[in-house]
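S.K.: Sequence and predicted model, in that order:
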Amino acid sequence: MDISVVVPLFNEEESLPELTQWIKKVMEKYNFSYEIILIDDGSLDESWSVVEKLQTKNQNIKGIKFRRNYGKSAALYCGFDAAQGNVVITMDADLQDSPDEIPELYRMVTEEGFDLVSGWKKKRHDPVLSKNLPSKLYNWTVRRMTGIKLHDMNCGLKAYKRKVIKSIEVYGEMHRYIPVLAKWAGYKNIGEKVVVHSERKYGATKFGLERFVRGPLDLLSVIFISRFVKRPMHFFGILGVLIVILGIASAIVLAVQKTQQLKAGIYGNLLTDSTYFYIALTAIIIGAQFFLAGFLGELISRSASDRNKYQIDKKTF
Ligand code: UDP
Ligand code: MG
């Protein structure tokens, strides 16, 4: 199969018929073998019955329904899990992303050899104050922090080689940082394509102000995770070992100092008259704690796959 189109959706009943029809038209025009995976992220409207209806008309449509709303990341992750196409394309359900971009994205992945091509909504049709400006600032910061030169990291329209999406784990708010996760998984060939962006035709945006809090926190965790969490012992353990070494060094200095004083006939109080004693003691205790924190982190990361335990309610395939 050439292409899997993965579409996470939450309360998008009005746009689904138009969206799937449009994708179908493009696919047939270019003779692509394809599937459209619609993941209903616990919609409260009639989205799922729309998915079921569309699926009976077009065999290339596959529907997955979550038991409740788990978030865009979980929906994408679940879609990635099911995807069979050589190229996987993600797209928002609200018709803001255009299916007409698919052929060029596909070409860039298959012919130009990009592991990942991210859309860039250069002319963005969203509110300036609540979306465009924050997004510019956000992308500037992320570029600086991750070294990935994308203008629009969070664009919903992206194309991947299948092996890329199979090797990353998207959870929490990580859908905003998939290129960071991909780069960390070893896929450095990241491209960008300016894409057409339209106004939202039906319904309302699902991402409110809370994304200003969650986004940055998840950026910190993505950086921390991509560097250290696979091996938390390496981060905390090294810190712990360094501090313990400092403690032992202080103890040695203290011992040498004391022997010299004893030789010179000075008998002070071993426990109270040396700062080194306290440095040594605290350092050894703190160091041991860091070490333990790393050990616990290691245990937690072993069971971290639990974080994607979304519940599938229904499936059409
Ligand atoms: N979405 C989802 N689960 C959620 C929130 C959003 O699957 O909890 C989907 C939504 O239906 C849409 C895409 O994610 O297909 C992008 O959401 P939205 O258009 O609201 O974001 P915006 O374009 O305003 O940034
Ligand atoms: Mg949108």
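M.R.: Yep, that arrived. Ligands and ions are numbered 1, 2, ... in the order given.
S.K.: Quick check: pLDDT value at residue 239.
M.R.: Confidence at residue 239, expressed as pLDDT, is 85.
S.K.: Next: residue 147.
M.R.: 85.
S.K.: What is the neighbour count of it?
M.R.: 9 (other Cβ atoms under 10 Å). C-beta: built from backbone N, CA, C; applies to glycine.
S.K.: In contact with residue 41: list those residues for me.
M.R.: By Cβ atoms under 8 Å, 6 or more residues apart in numbering, the contact list for residue 41 reads 8, 9, 10, 66, 69, 70, 71, 72, 74, 75.
S.K.: for residue 34, same thing?
M.R.: 1, 2, 3, 4, 5, 23, 27, 60, 85.
S.K.: thought the last one was touching residue 36?
M.R.: If I follow you right, that is residue 85. No. Applying Cβ atoms under 8 Å, one finds residue 85 not in contact with residue 36, separated by 10.2 Å.
S.K.: So those two - more neighbours on which side?
M.R.: Using other Cβ under 10 Å as the criterion, residue 85 and residue 36 rank with residue 36 on top: 26 against 20.
S.K.: what sits against that one?
M.R.: Contacts of residue 36 by Cβ under 8 Å, 6+ apart are 4, 5, 7, 20, 23, 24, 58, 60, 61, 62.
S.K.: can we see that at 10 Å?
M.R.: 3-7, 16, 19-20, 23-24, 27, 51, 54-55, 58, 60-63, 89, 91, 99 (Cβ atoms under 10 Å, 6 or more residues apart in numbering).
S.K.: which SS state does it fall under?
M.R.: strand (DSSP: H, G, I helix; E, B strand; the rest coil).
S.K.: Show the model's pLDDT score for it.
M.R.: 98.
S.K.: Tell me what it is bridged to.
M.R.: residue 5, residue 61 (DSSP bridges).
S.K.: so how many other residues sit close to the residue nearest to residue 186 when sequence neighbours are not counted?
M.R.: Closest residue to residue 186 apart from its sequence neighbours, by Cβ to Cβ, 6 or more residues apart in numbering: residue 167 at 7.9 Å. By other Cβ under 10 Å, 15 other residues sit near residue 167.
S.K.: filter the contacts of residue 34 to the buried ones?
M.R.: 3, 4, 5, 23, 27, 60, 85 (16 or more other Cβ atoms under 10 Å).
S.K.: before we move on, the earlier item: most widely separated two among the contacts of residue 34?
M.R.: 1 and 23 (14.2 Å; Cβ to Cβ).
S.K.: Which stretches in this protein count as helices?
M.R.: Counting by DSSP state H, the chain has helices at residues 16-29, 47-57, 72-82, 102-110, 133-146, 162-166, 178-184, 211-224, 232-263, 275-302.
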